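Trainee: no sequence for this one, just the structure:
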């Protein structure tokens, strides 16, 4: 099963997006694990994930996350419009493209 990590600041809005993405995956019949962690904890799962998406509010930490991931998997900032509207389907579709 593929694992998708969303990196956030505190996790409030990102956890809502995770739920919407899980709903979108279920509608598509896709089995994927999606979870969110703050930047400070992404080191603990760096070798277990297939894609890392950063919330727009932590886009400035992309270089730090990329150094933790060390080029092993794609790291991308979530589109601000998709994040702001909590468009789980759009964010999931982009993550699947990155896979």
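Mentor: Thanks, I have the structure now. Keep in mind that what you see is a predicted model, and the values were worked out from it rather than measured.

Trainee: Could you use CA atoms for every contact and neighbour count after this?
Mentor: OK.

Trainee: residues in contact with residue 87?
Mentor: Residues near residue 87 by CA atoms under 8 Å, 6 or more residues apart in numbering: 17, 20-21.

Trainee: Relative to residue 72, how far out is it?
Mentor: Counting by CA to CA, to the nearest Å, the gap from residue 87 to residue 72 is 27 Å.

Trainee: what do you get for residue 83?
Mentor: Using CA to CA, we find residue 83 at a distance of 24 Å from residue 72.

Trainee: Compare these two (neighbour count), which wins?
Mentor: residue 83 (19 against 14; other CA atoms under 10 Å).

Trainee: re the thing from before, now intersect the contacts of residue 87 with the helices, please.
Mentor: Among those, the ones falling in helices (DSSP state H) are 17, 20-21.

Trainee: what about stretch 91-99, distance to the chain center?
Mentor: 9 Å (CA atoms, centre = their mean, to the nearest Å).

Trainee: What of stretch 89-99?
Mentor: With CA atoms, centre = their mean, you get 9 Å for stretch 89-99.

Trainee: same thing with stretch 43-61?
Mentor: On CA atoms, centre = their mean, the centre of stretch 43-61 falls 6 Å from that of its chain.

Trainee: What are the contacting residues of it?
Mentor: Outside stretch 43-61, the residues that reach it (CA under 8 Å, 6+ apart) are 2-9, 14, 39, 62, 68-69, 73-80, 83, 95, 98-99.

Trainee: now the residues you listed: which count as buried?
Mentor: When the contacts of stretch 43-61 are checked for burial by 16 or more other CA atoms under 10 Å, the buried set is 4-9, 14, 39, 62, 68-69, 73-79, 83, 95.

Trainee: name the helices or strands packed onto the helix or strand of the chain with the lowest mean pLDDT?
Mentor: Lowest by mean pLDDT, DSSP states H and E among the helices and strands of the chain is helix 12-28, with a mean of 92. Contact here means 3 or more CA pairs under 8 Å, 6 or more residues apart in numbering; DSSP states H and E; on that basis helix 12-28 packs against strand 2-8, strand 32-38, helix 88-98.
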